[in-house]
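A.B. asks: Below: sequence and its predicted model.
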Amino acid sequence: MVSFKKPDLDSFQERIHIATLFVTFCLLLLVTRLVWLQIVSHSKYAVLAENNRIALVPAPANRGLIIDRNGIVIGRNYSALTLDVNAEEVKGNVDELIDQISEIVLISPKDRRNFKRSLEDSRKMGTIPLRSMLTEAETARFMANRYRFPGVEIRARSFREYPYNELASHLIGYIGRVSQKDKERMQAEIENSKADDPDALQTSFLPGIQYVGKIGLEQSYESVLRGVPGYDQVEITAGGKPVRTLSSSPSIPGKNVVLSVDIKLQYLVEQLYGNFRGAFVAIEPQTGDVLAFVSKPNFNPNDFVEGIDSVTWKELNDSPQKPLYNRPLKGIYPPGSTYKPFMALAALENKKRTPSQTIFDPGYFDFGNHTFRDDKKGGHGTVDMQKSIVESCDTYYYMLARDMGVDMIAGFMKPFGFGQVTGIDLQGESRGVLPSTQWKKNTFKKPEQQKWYEGETISLGIGQGYNAFTILQLSHAMANLANNGVVMKPHLVKAIEDPFTRNRTLTTPKESYRIDLKPENIEVIKNAMIEVNRSGTSAAAFQGAGYVAGGKTGTAQVFSLNDKDYKHGATAEFLRDHALYVAFAPADKPTIVIAMVVENAGFGAQYAAPIARKALDFYLEGKWPKEVPEWTRAP
Amino acid sequence: MDKSSLKKFQKTFLHLFSGLDRQLSFILLSLATVGFLTFLSASQNTPVLIEDELRNLALSFVVMWLVSRIPPKWLELAAVWIYSLGVLLLIAVAAFGLIKKGARRWLNIGIVIQPSEIMKIAMPLMLAWYFQKREGIKKSWDYGVAAIILGIPVLLIARQPDLGTALLVFAAGLYVIILAGLPWKWILPFVGIGVVGILLIVIFGTTICAHDVAWPFIQDYQKHRVCTLLDPSSDPLGKGFHTIQSMIAIGSGGFFGKGWFQGTQAHLEFIPEKHTDFVFAVYSEEFGLLGNLILLALFFALIKRGLAISASAPNLFTRLLGASVTLIFFTYAFVNIGMVSGLLPVVGVPLPFISYGGTALVTLGFGAGILMSIHRHRRLVQS
């Protein structure tokens, strides 16, 4: 046996013991760490591992169609090829990549901007469209060069299209890419939605919602049209490569909306307006179906779907014609003489006049120290109720307004819907102003402004003064009158259609309420309005009509001309009067009422009534005016 | 085959393995089995074949068997030559080595070799030889000589740069020096400084990891590794990605693990270097804390057995060499698991007998062979 010195061995043994202790300590350190990771923090890391593993690939739902009352499709989808870029593969300079691609397919500055914005939003996940609607030639060119662009691919995507372009643009509205604001709004919608609402948004939908209705019916029927986006749960690698689909929740297409609008009537009226600005609302009084909802000038909703370019936007937004303004919904106008039939009915119902009671019109009406003039110099002479409507005598209504007082007028007009939100299925409706003493108190701040002056009542009688209503309200009121006081809520969508079974669910509401009116009083007013078209202000426009229609012209002053004589041509275009017209037909059982304004056109009889006549000719008799190009269905 | 020839074969076979320590053999075989099973799962979607792993294991075994036959005396005689050759090769690397991934670590002598790997064995051999030589006449300045023997290769390796290997070689030498009797009064201050230093780095991590702060003697990428360790989320898609993803793999394994071949982090490529340096993450994810405890128990058994063999070794050279090799096994395991579980900075250290890699397995086989040889020749010398 080899001998060695004891102290050395002892010292070595001692150090081996210490080394063992050191090793034990270190291993316990590792055990502690592993227990911390695998037991204490296990649930946290388990979630992280699952999140790593699984990606939700959204599958957008097909959006519902928009169909007119006769089955003509005016809002639809089509499939087109787009150039998609896998966000994870974008390395280095984005602009350089786009520059290289743009040598092969056209990439507009707008495409570039949109892409870069989406890329930032995407946090480098998923695919982002760079160019949509590739032509065949571009597709072929790109496919030949595909090897140069890993992560860039051509895909079929669904796009929204409005085949008739400008037609009914304000009514249909448009969809657009989901913005940050939309996202916040949808988040709030989710939080506020009721548990049992089948159309309610759910958080799981959000990744699949790329477009959202921004305005018009696309906006107000968003939840119906949208459908339920689906998603695939896909297992992915660290590089984002899909490995297999774990589960998939298919999308449910949105439902179609069937409009009450007759798109041919809409087209005809839009054509008849030509370059005039204005609003036109036709309603079927028995149902509240809106038959036409015209706002001129229009815009092309297709421009907005993929994000409007700044030049077009500037043009539309800065135009003095205000083509983006939904006039029938938001524009408020004094009703002018179209208010007179309602005033007359108010007088009968409140027993302030009888039909045969007459006044004498010298051509003016003095109240206090102010003289209110009649349109006709020298006056209408002796005037009864029918004559007051047929000849549109102002003095009769100055006196009537004085005799009734503002609050009695307001009390009568309110149930007709004047100055009230009609509740039509579009967002952003204006309320307008139905003046009353209470309204003035609520509206103004200073005490002297809050007081109602008797003099202010006088011009209310001829539809001027503080009176300010939307054409929608005027049409609605006309429908209520034509329907003998039965109030139907106006609506643009008649039914919701299942895209597969084509089963329709009617959305038509039942009558809202009835206005208590005496039939004989209604008869007086209707007869007077029939006479207007026969021998009154709009007789020329309705000469030879194959049906009996009641009507009333109106002219609304854009601003007070003081006492100076009003000369049509001398006024700058935008200061000219608005031409108004209301009508109902056929007189015995009206199936259509119309309220319309032609902005800055001048007299109602001259500019508005002829349009109404042609619209009624078409709607009631199918006659198409020669000067308007034939309706052709979009391909 | 008749009975006598069968017996003859049995005898020859047993004789072949007679020199191997049974306990150590069992532990190593267990580790190799765990390593092979983990490799099967971890090597999915990598270009590495099962044959490669089997070849490496076989090679490692052959090296171990051969070394176990070499008497320690021969190793003692060869120590200076091996060490000198290693240093010369390191100098050659510094002069005209191959550069890969920004580091000059390799030498082309017909085949490409990594001389720093040789130092992992050559260093304890040399120092053990030196202390054996000075046994009984040891003076304080002997530790100075030992420090020079240790310092030259470590500096050469650190300059390549290869901090991981430099630290391992340094550790291997340091274990010899400490076990040879380096006075405590010299050791303790360094331990103190080390502890205080680590505490300071952890406490002032944010300040010293600021972008414009340069660390003395430390490369930028090394600083980055330490800093991402302190706060992996500071660079979740870059340097911190490895650590975060391996921690997720380990943590999501839970107590029982997700099961063999069921690790999602591993199989969906979230773990970098999953069959080599980060193989522990794959193992942990699939076999859970239970598997980890078994693995750590195996390593502990390995260390215990190695130290026991060293403690009963016949002379100072074999004692120092055996203990140092054993502690190097431990250091490999500790640094690797510490790094994969986010305790230590990321350095290229494999998990002994588990990680895929021929060079490491040969080195480990060599080390295991030394322990076997010490055990085998202890009896021969004693008798």
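C.D. replies: In hand now; what should we look at? The shown structure was predicted, so the numbers you read here are calculated from the model rather than taken from an experiment.

A.B. asks: Quick check: residues of the stretch 51-200 of chain B near chain A?
C.D. replies: Contact residues, the stretch 51-200 of chain B versus chain A (Cβ under 8 Å from any Cβ of the partner chain): B:135-136, B:175, B:178-179, B:181. In this view, the C-beta of every residue, glycine as well, is placed from N, C-alpha and C.

A.B. asks: Select only the buried ones of those in PyMOL?
C.D. replies: Only the buried entries of these go into this PyMOL selection, using 16 or more other Cβ atoms under 10 Å in any protein chain shown:
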select buried, chain B and resi 175+178+179+181
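
A.B. asks: for chain A, which helix is longest?
C.D. replies: helix A:6-35 (DSSP state H).

A.B. asks: model confidence over it, on average?
C.D. replies: Taken as a whole, helix A:6-35 has an average pLDDT of 86.

A.B. asks: could you say what helices and strands that helix packs with?
C.D. replies: Helix A:6-35 is packed against helix B:163-179, helix B:279-311, helix B:316-340, with contacts defined by 3 or more Cβ pairs under 8 Å, 6 or more residues apart in numbering or on different chains; DSSP states H and E.

A.B. asks: Can you flag the weakest of these by average pLDDT?
C.D. replies: Minimum mean pLDDT among the helices and strands packed on helix A:6-35: helix B:163-179, a mean of 90.

A.B. asks: between the helix or strand that it is followed by and helix B:163-179, how many degrees?
C.D. replies: Proceeding C-terminally, helix B:163-179 gives way to helix B:184-203 as the next helix or strand, assigned by DSSP states H and E. Orientation of helix B:184-203 against helix B:163-179 (axes from the mean of the first three to the mean of the last three Cα atoms, to 10 degrees) gives an angle of 150 degrees.

A.B. asks: if we can go back for a sec, following the longest helix of chain A, which helix or strand shows up next?
C.D. replies: helix A:42-53.

A.B. asks: Indicate each strand paired with the helix or strand following that next one and its parallel or antiparallel sense.
C.D. replies: The helix or strand immediately downstream of helix A:42-53 is strand A:54-59, counting by DSSP H and E. Sheet neighbours of strand A:54-59, with direction, are listed as strand A:230-236 (antiparallel) (DSSP bridges).

A.B. asks: Report the buried residues of the partner strand.
C.D. replies: A:230-232, A:234-236.

A.B. asks: how far is it from where the chain is centred?
C.D. replies: Relative to its chain's centre, strand A:230-236 lies at 35 Å (Cα atoms, centre = their mean, to the nearest Å).

A.B. asks: go on, stretch A:437-449?
C.D. replies: Relative to the centre of its chain, stretch A:437-449 is centred 32 Å away, using Cα atoms, centre = their mean.

A.B. asks: Okay, now stretch B:14-23: how far is its last residue from its first?
C.D. replies: 16 Å (Cα to Cα, to the nearest Å).

A.B. asks: which of the residues in it are buried?
C.D. replies: Per 16+ other Cβ under 10 Å, stretch B:14-23 contains these buried residues: B:19-21.

A.B. asks: Quick check: which element contains A:Thr245?
C.D. replies: strand A:242-249.

A.B. asks: what's the residue in chain B that chain A sits nearest to in contact with, if anything?
C.D. replies: The nearest approach of chain B to chain A comes at B:Gly251, 2.6 Å away (Cβ to the nearest Cβ). Listed by Cβ atoms under 8 Å, 6 or more residues apart in numbering or on different chains, the contact set of B:Gly251 reads A:37-38, A:41-42, A:44-46, A:48-49.

A.B. asks: Next one: residue 357, what pLDDT does it get?
C.D. replies: With no chain named, the answer covers chain A. A:Gln357 is given a pLDDT of 93.

A.B. asks: sorry, should have said chain B
C.D. replies: Looking at B:Gly357, its pLDDT reads 84.

A.B. asks: does it really touch B:Asn56, like I thought?
C.D. replies: Yes - using Cβ atoms under 8 Å, B:Gly357 is in contact with B:Asn56, at 7.3 Å.

A.B. asks: give the contact list for residue 226.
C.D. replies: Let's take chain A. So A:Arg226 contacts A:61, A:63-64, A:209, A:212-213, A:254 (Cβ under 8 Å, 6+ apart).

A.B. asks: meant chain B, my bad for not saying
C.D. replies: Contact analysis of B:Val226 by Cβ under 8 Å, 6+ apart lists B:201, B:209, B:345.

A.B. asks: hang on, the second one packs against B:Cys227?
C.D. replies: In this case it means B:Cys209. Yes - taking Cβ under 8 Å as the definition, B:Cys209 is a contact partner of B:Cys227 at 3.8 Å.

A.B. asks: Give me the more crowded residue out of those two.
C.D. replies: Between B:Cys209 and B:Cys227, counted using other Cβ atoms under 10 Å in any protein chain shown, the more crowded position is B:Cys227 (24 against 18).

A.B. asks: Could I get the phi/psi values of the more buried one?
C.D. replies: B:Cys227 adopts backbone torsions of phi -70, psi -40, taken as degrees, to the nearest 10.

A.B. asks: Same question for A:Met133.
C.D. replies: Per-residue torsions, A:Met133: phi 50, psi 60 (degrees, to the nearest 10).

A.B. asks: per-residue pLDDT, the residue nearest to A:Ser248 when sequence neighbours are not counted?
C.D. replies: Counting by Cβ to Cβ, 6 or more residues apart in numbering or on different chains, the nearest residue to A:Ser248 once its immediate chain neighbours are dropped is A:Asp232, at 4.3 Å. We have a pLDDT of 77 for A:Asp232.

A.B. asks: Who does A:Asp232 form a beta bridge with?
C.D. replies: Counting by DSSP bridges, A:Asp232 is bridged to A:Val57, A:Ser248.

A.B. asks: wait, doesn't it sit right on A:Gly208?
C.D. replies: No - taking contacts as Cβ under 8 Å, A:Asp232 lies outside contact range of A:Gly208: 10.4 Å.

A.B. asks: overlap in contacts of those two?
C.D. replies: Common neighbours of A:Asp232 and A:Gly208, using Cβ under 8 Å, 6+ apart, are A:Ala59.

A.B. asks: and the closest residue to chain B within chain A, how far is that from B:Ile244?
C.D. replies: Residue of chain A nearest chain B, by Cβ to the nearest Cβ: A:Tyr45 (2.6 Å). Using Cβ to Cβ, to the nearest Å, A:Tyr45 is found at 10 Å from B:Ile244.

A.B. asks: A:Asp289: what's it in contact with?
C.D. replies: Each residue near A:Asp289 by Cβ under 8 Å, 6+ apart is listed here: A:69, A:260, A:283, A:490-491, A:494, A:508.

A.B. asks: rerun that using 6 Å as the cut-off
C.D. replies: A:Ser260 (Cβ atoms under 6 Å, 6 or more residues apart in numbering or on different chains).

A.B. asks: Give me the pLDDT for it.
C.D. replies: At A:Asp289 the predicted local confidence, pLDDT, stands at 93.

A.B. asks: Looking at A:Tyr45 and B:Ile244, which one has more neighbours?
C.D. replies: Per other Cβ under 10 Å, whichever of A:Tyr45 and B:Ile244 has more neighbours is A:Tyr45, with 22 against 19.

A.B. asks: Can you give the contact residues for stretch A:340-355?
C.D. replies: Against stretch A:340-355 from outside (Cβ under 6 Å, 6+ apart): A:385, A:389, A:397, A:400, A:403-404, A:408, A:412, A:461, A:521, A:524-525, A:529, A:552.

A.B. asks: how about the nearest residue to the residue minimising distance to the centre of chain A, chain neighbours excluded?
C.D. replies: Closest to where the C-alpha atoms of chain A average out (Cα atoms, centre = their mean) is A:Gly216, at 1.9 Å. Leaving aside its chain neighbours, A:Gly216 sits nearest to A:Gly173 (1.8 Å; criterion: Cβ to Cβ, 6+ apart).
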